[in-house]
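S.K.: Model the following, please.
(chains A and B)
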Amino acid sequence: MFTPDLLLDLQLKYWVLLPISLAMVLVGLLRSNITYLLQPNPKLQPYKQVRESQFLFKAKQFRENNDILTTEEFEMRKNYYIKTLKSDEFYASKPNVAKTDEFSPLDPTQNEALMSMAKSNLLNYIPQTLIMGWVNYFFAGFVIMKLPFALTDGFKAMLQNGIDTPNLNVRYVSSISWYFVNLFGLKPIYSLIMGNDEAEELIKQQNQNQMPQLSGPGQPKIDKIFNNEAENIQILTHESTFDKIIERFIEKYQ
Amino acid sequence: MSVSYPLLKKKLLLIASSGQFAKFTSQQLLDTYSELNQFLLSYTSKLDSIELFNLYELNFYLAILTKNESDAKLTLDRLTDQFGTNSQRIKILQSIYQESIGNLKAAGDYLTENPDELQLSRRLTTLSRDGKYISNLIYYINLQPGDLIAWSELSSEYAKIGDYKKAIFCLKEIILVDKVAYPIHYKIGLYYYYIYLQEKETTRLKKEKLIELVTELKHARDYFLYCIEINEGYGKAWVGLNQILNLDIHNKAKEVNDKDIKKITEDNERIKGIVNDKVKLYI
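M.R.: Numbering: from 1, shown residues only, chains lettered A, B, ... in the order given. Take a look at the predicted model:
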């Protein structure tokens, strides 16, 4: 069915379209700066914990890469790792100190991760909700622009959200739809203003839904991990990579 | 000849991130320093903040290495204004600056505030290069067994005093973590060869000693071969391999009636021709 073109008031551009876009960009930039200011200073891991994890890492690497050792060196290191992994030399804290296994909401180390997640989520949702409320309150049902290119009917739901006109040409965009287009499509503008890397960071903040890593209950105790690793090393058999190196060399170059 | 902006930027950032400037000659240092200064004068506004401050950091190091302490101080102030003085990276720079102006005590003070600041602990270990350097390194490695740079440093220190067996032990700790670090494999081969040179000179060659030396050379050969297996174009390994295969000791070893030694000398003969041909590309 033929529908005549709507005539849009030019003032809509100056008083609705541009303010929505501008508000979205400014709020995005503001949020980025506030998030940066609210970020907690990264805390250093205690050196004993680093030592513990590095030793465990080295034991694992020994298990993986021992083929570059000679048999004597392998045996020597194998004995060392088994002996040391079974002792408490590299433990960050003594495992016999009684620790509650339960997740405590009052534990500051666990709380901090949760708080930072809550803060960044709040900073995400509050401005978005406010702008959406503002657009809905002042410009509900506004048709604010006409796209300069044709689109299929599939885009109707995306571009004409909030206006109940089934026969209207898809090229007309409603105010609330313009808000959503801005919400997801402002990255090039941020890149232009802030540089590529920082814009990506901002978009990441906007889309972040990941959970922070929480060291909650159920994590295996370090003595168990060390003992497991010692058992893994105990059953290792050694096959040196140098055993067949001459054959490999000749095969390649002859 | 003028180099285009993106290429120059890439080059300078690469120098900053890889730390290659530590191996530069004094002329290269001066050239890079003036090039970087020119670059910063012309293009500061075009760089994003991460690139800019990485280049300021590079400028600081180059200023220190070319003895321009006043410029180093200026750059350091710029960095501290931006990032404050709590970061480990800044503290290292502050300590380096104090060391460069001869204030060792202040340099040390920056590094000892917090034992959890591990980068500073390493810097502290390397700051005191007195007679106890090796034991300091061992102490530090006991705290940080995964610090490969410290293992490499310890190995160099052992090599300096001629204790190649311990140097090799340290290098093997590195390749256990980073198996394809072919320069380390080459170095292990080289140190085995040095052991041979050391022991050849100090003892008369009896049968047992001969077997021991040929076995050391076998290890050297194997590590050179493994290095070539990872990076065929590593010329030094080919030269080292060629050197080992052409040693006179192998002729003497042929007379020894030992199964293992026979196998080693046979293997050497099998690859000698190939290595002789290949090594011509590198010498």
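S.K.: Quick check: which ranges of the stretch 101-250 of chain B have low pLDDT?
M.R.: B:201-205 (pLDDT under 70).
S.K.: mind listing the helices in it by residue range?
M.R.: Ranges of helices in the stretch 101-250 of chain B, per DSSP state H, counting those that start in this stretch, are B:104-111, B:118-127, B:133-143, B:148-160, B:164-177, B:182-202, B:207-230, B:235-245, B:249-254.
S.K.: list the helices and strands the third one packs on?
M.R.: Which is helix B:133-143. Contacts defined by 3 or more C-beta pairs under 8 Å, 6 or more residues apart in numbering or on different chains; DSSP states H and E place helix B:133-143 against helix B:118-127, helix B:148-160. No exception for glycine: its C-beta is placed from N, CA and C like everyone else's.
S.K.: can I assume residue B:84 is in contact with residue A:41?
M.R.: No. Counting by C-beta atoms under 8 Å, residue B:84 does not reach residue A:41; the two are 9.8 Å apart.
S.K.: can you pull the contacts of the residue nearest to residue B:108 when sequence neighbours are not counted?
M.R.: In this structure, residue B:108 finds its nearest non-sequential neighbour in residue B:127, 6.3 Å apart by C-beta to C-beta, 6 or more residues apart in numbering or on different chains. For residue B:127, the contact set (C-beta atoms under 8 Å, 6 or more residues apart in numbering or on different chains) comprises B:95, B:99, B:104, B:107, B:108, B:111.
S.K.: Between these, which sits nearest residue B:200?
M.R.: residue B:99 (41.7 Å; C-beta to C-beta).
S.K.: any idea how far the one helix or strand the closest one maps to is from the chain center?
M.R.: Assigned by DSSP states H and E, residue B:99 belongs to helix B:88-100. Taking C-alpha atoms, centre = their mean, to the nearest Å, one finds helix B:88-100 lying 22 Å from the centre of the chain it belongs to.
S.K.: Tabulate the CA atom coordinates of it in CSV.
M.R.: This file holds the C-alpha atoms of helix B:88-100, laid out as CSV (Å, rounded to 0.1, in the frame of the first residue of the first chain):
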residue,chain,number,x,y,z
GLN,B,88,57.1,-0.3,40.7
ARG,B,89,58.1,0.8,37.3
ILE,B,90,58.5,4.4,38.4
LYS,B,91,60.4,3.4,41.5
ILE,B,92,62.9,1.5,39.3
LEU,B,93,63.4,4.6,37.2
GLN,B,94,63.8,6.7,40.3
SER,B,95,66.4,4.3,41.7
ILE,B,96,68.2,4.2,38.4
TYR,B,97,68.4,8.0,38.3
GLN,B,98,69.7,8.1,41.9
GLU,B,99,72.3,5.5,41.0
SER,B,100,73.4,7.4,37.9
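S.K.: Remind me what it packs against, helices and strands.
M.R.: In terms of contacts (3+ C-beta pairs under 8 Å, 6+ apart), helix B:88-100 is packed against helix B:49-65, helix B:69-83, helix B:104-111, helix B:118-127.
S.K.: buried stuff in the first one?
M.R.: Read that as helix B:49-65. Under the neighbour-count criterion of 16 or more other C-beta atoms under 10 Å in any protein chain shown, helix B:49-65 has B:51-53, B:55-65 buried.
S.K.: Please apply the same query to the third one.
M.R.: Buried residues in helix B:104-111, counted by 16+ other C-beta under 10 Å: B:107, B:108, B:110, B:111.
S.K.: What of the last one?
M.R.: Residues of helix B:118-127 classed as buried under the neighbour-count rule (16+ other C-beta under 10 Å) are B:118, B:120, B:121, B:122, B:123, B:124, B:125, B:127.
S.K.: my guess is the second one contacts residue B:111, does it?
M.R.: Yes. Counting by C-beta under 8 Å, residue B:111 is a contact partner of residue B:120 at 4.4 Å.
S.K.: what do those two both touch?
M.R.: B:91, B:92, B:95.
S.K.: Including neighbour count, could those residues go into CSV?
M.R.: Shown next, in CSV, are the shared contacts of residue B:120 and residue B:111 (neighbours: other C-beta atoms under 10 Å in any protein chain shown):
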residue, neighbour count
B:91, 21
B:92, 17
B:95, 23
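S.K.: Out of the residues you listed, the closest to residue A:82 would be?
M.R.: Distance to residue A:82 across those (C-beta to C-beta) is lowest for residue B:92, with 37.5 Å.
S.K.: Would you enumerate the residues in contact with the closest one?
M.R.: B:110, B:111, B:119, B:120, B:123.
S.K.: What parts of the stretch 101-250 of chain B come near chain A?
M.R.: Applying C-beta under 8 Å from any C-beta of the partner chain, we find that the stretch 101-250 of chain B lies next to chain A at B:114-118, B:121, B:143-147, B:172-173, B:175-177, B:179, B:185, B:219, B:222, B:225-226, B:228-229.
S.K.: Now list the buried members of these.
M.R.: Using 16+ other C-beta under 10 Å as the burial test, these include B:116-118, B:121, B:143-147, B:172-173, B:175-177, B:179, B:185, B:219, B:222, B:225-226, B:228-229 as buried.
S.K.: Specify which member of the buried residues of helix B:104-111 is nearest to chain A.
M.R.: residue B:111 (13.6 Å; C-beta to the nearest C-beta).
S.K.: got a list of what that closest one touches?
M.R.: B:91, B:92, B:95, B:117, B:120, B:121, B:123, B:124, B:127.
S.K.: Could you identify the pair within the residues you listed that is furthest apart?
M.R.: Between any two of these (C-beta to C-beta), the greatest distance is 13.9 Å, for B:117 and B:127.
S.K.: For residue B:278, what is the enclosing helix or strand?
M.R.: helix B:259-279.
S.K.: Tell me which other helices or strands that helix touches.
M.R.: Counting contacts by 3+ C-beta pairs under 8 Å, 6+ apart, helix B:259-279 packs against helix A:245-253, helix B:207-230, helix B:235-245, helix B:249-254.
S.K.: what is the mean pLDDT for that helix?
M.R.: Average pLDDT, helix B:259-279: 90.
S.K.: what about it, distance to the chain center?
M.R.: On C-alpha atoms, centre = their mean, the centre of helix B:259-279 falls 30 Å from that of its chain.
S.K.: What of stretch A:69-84?
M.R.: So, by C-alpha atoms, centre = their mean, the centroid of stretch A:69-84 is 40 Å from its chain's centroid.
S.K.: can I get the CA coordinates of it in PDB?
M.R.: Output in PDB follows, covering the C-alpha atoms of stretch A:69-84 (Å, rounded to 0.1, in the frame of the first residue of the first chain):
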ATOM      1  CA  LEU A  69      67.700 -33.200  29.900                       C
ATOM      2  CA  THR A  70      70.200 -36.100  30.200                       C
ATOM      3  CA  THR A  71      69.100 -39.100  32.200                       C
ATOM      4  CA  GLU A  72      71.200 -38.200  35.200                       C
ATOM      5  CA  GLU A  73      69.900 -34.600  35.200                       C
ATOM      6  CA  PHE A  74      66.400 -35.900  34.900                       C
ATOM      7  CA  GLU A  75      66.800 -38.300  37.900                       C
ATOM      8  CA  MET A  76      68.400 -35.600  40.000                       C
ATOM      9  CA  ARG A  77      65.700 -33.000  39.300                       C
ATOM     10  CA  LYS A  78      62.900 -35.700  39.700                       C
ATOM     11  CA  ASN A  79      64.100 -36.600  43.200                       C
ATOM     12  CA  TYR A  80      64.400 -32.900  44.100                       C
ATOM     13  CA  TYR A  81      60.900 -32.100  43.000                       C
ATOM     14  CA  ILE A  82      59.300 -35.100  44.700                       C
ATOM     15  CA  LYS A  83      61.200 -34.300  47.900                       C
ATOM     16  CA  THR A  84      60.400 -30.600  47.800                       C
END
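S.K.: To what extent is residue B:211 buried, counted in neighbours?
M.R.: 16 (other C-beta atoms under 10 Å in any protein chain shown).
S.K.: surely it meets residue B:256?
M.R.: Yes. The pair residue B:211 / residue B:256 is scored as a contact, 6.7 Å apart, by C-beta under 8 Å.
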